[in-house]
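S.K.: what shape does this take:
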Amino acid sequence: MLKNVLCILIGLFGLVAAASAQPNTIDCSAFSKRPDGTWYVGAPTTFDVGQTTSITVAARAVGHNFMNIAGDDLFDLIEAKCGNDQQQRAAPGHAVNAGTDH
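M.R.: Reported below is the predicted structural model:
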């Protein structure tokens, strides 16, 4: 019984977390994933997140807690929208986020 309740609570938490991300106009082609896990933007890119408009970011790495936009971490928004896109654009055998020891 406790196991079932715990699974339901974890599931609900996941739904709330996923639902909190606001619609946005982030252009994934403006960001590239770095080996350290951050996202890098070179040329200025401007986008909207929810009711917040005309956000411009340029020439910097975006990691966790870099910018909070109306309750959403910019890193998490980019990751959710662009993470899979970056993996698909990587050349076969050269995963964007793969690290090596050599």
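S.K.: please count neighbours and contacts with C-alpha atoms only from this point.
M.R.: Will do.
S.K.: all helices for this protein, in order.
M.R.: In the chain, the helices defined using DSSP state H lie at 2-20, 74-89.
S.K.: which of the ones you listed has the lowest mean pLDDT?
M.R.: Mean pLDDT per stretch puts helix 2-20 lowest among these, at a mean of 45.
S.K.: need the contact list for the closest residue in space to residue 40 that isn't next to it in sequence.
M.R.: Leaving aside its sequence neighbours, residue 40 sits nearest to residue 61 (CA to CA, 6 or more residues apart in numbering; 4.3 Å). For residue 61, the contact set (CA atoms under 8 Å, 6 or more residues apart in numbering) comprises 38-41.
S.K.: what's across from residue 45 in the sheet?
M.R.: Applying DSSP bridges to residue 45 gives these bridge partners: residue 57.
S.K.: residues near it, how many?
M.R.: 18 (other CA atoms under 10 Å).
S.K.: before we move on, what about residue 82?
M.R.: Residue 82, neighbours per other CA under 10 Å, totals 20.
S.K.: from what I see, it and residue 30 are in contact.
M.R.: No: using CA atoms under 8 Å, residue 82 is not in contact with residue 30; the gap is 10.0 Å.
S.K.: report the set of residues contacting both of those two.
M.R.: Contacts common to residue 82 and residue 30, judged by CA under 8 Å, 6+ apart, are absent.
S.K.: re earlier: who wins for neighbours among the contacts of residue 61?
M.R.: Sorting these by how many neighbours each has (other CA under 10 Å) puts residue 39 first, at 21 neighbours.
S.K.: what are the bridge partners for it, then?
M.R.: Residue 39 forms beta bridges with residue 33, residue 62, as assigned by DSSP bridges.
S.K.: what is the mean pLDDT for stretch 45-60?
M.R.: Rounded mean pLDDT across stretch 45-60 is 97.
S.K.: over to stretch 34-41?
M.R.: 97.
S.K.: relative to residue 77, how far out is residue 67?
M.R.: Remark: distance between residue 67 and residue 77 (CA to CA, to the nearest Å) = 11 Å.
S.K.: perfect, that will be all.
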